[in-house]
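Student: Here is my input, please return the structure:
(one chain, ligands or ions: 1)
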Amino acid sequence: MINIHICEKATERMVLAARQAYPQECCGILLGKKEDSITVSDIRKANNLVTGAQNRCHFEMDPMFLYQVEREIERSGLEIVGFYHSHPDCKAVPSEQDLHYMIPGLVYAILSVTKDGVADIQYFQK
Ligand SMILES: [Zn+2]
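Tutor: Reported below is the predicted structural model:
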């Protein structure tokens, strides 16, 4: 079980990002604090480098973006606690590729999104 608290603002921004990107997959960074439990207080939307048909089941984040966010939060007391991405018309369950790329200790949010909006958000950790 993951001990995690997601602030309302972070959830709202993830939901919005998933809806806006639909039917493409969205991805981004979860910011917050890692103590006894993980708190997610904000997100940063990233561009999905993968485009076209395979975009619906795979995402890749720009390493430069990751670097920029790290610089941005350097003195804010926030840290990168995980990543989120959406599964358009698919369940909020990690794919084999998702599992393969998970970094232990980080939280992975997966949003199941359809044309009607976000149906489910699940959180995973390796
Ligand atoms: Zn996925």
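
Student: Let's verify E12: helix, strand, or coil?
Tutor: E12 carries the three-state label helix when classified by DSSP: H, G, I helix; E, B strand; the rest coil.

Student: give me the element the residue of the chain found nearest the ion is part of.
Tutor: For the chain, the residue closest to the ion is D98, as judged by C-beta to the ion, at 4.1 Å. (C-beta placed from N, C-alpha, C; glycine too.) The secondary structure element spanning D98 is helix 96-101 (assigned by DSSP states H and E).

Student: what ranges do the strands span in this structure?
Tutor: 4-6, 27-34, 38-46, 79-88, 107-114, 117-124 (DSSP state E).

Student: can you redo those strands as CSV with distance to the ion, mean neighbour count and mean pLDDT?
Tutor: CSV is the format used below for these (distance: least, C-beta to the ion, whole Å; neighbours: other C-beta atoms under 10 Å; pLDDT from 0 to 100):
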stretch, distance to the ion, mean neighbour count, mean pLDDT
strand 4-6, 18, 16, 94
strand 27-34, 9, 21, 95
strand 38-46, 14, 20, 95
strand 79-88, 5, 22, 95
strand 107-114, 6, 22, 96
strand 117-124, 10, 15, 96
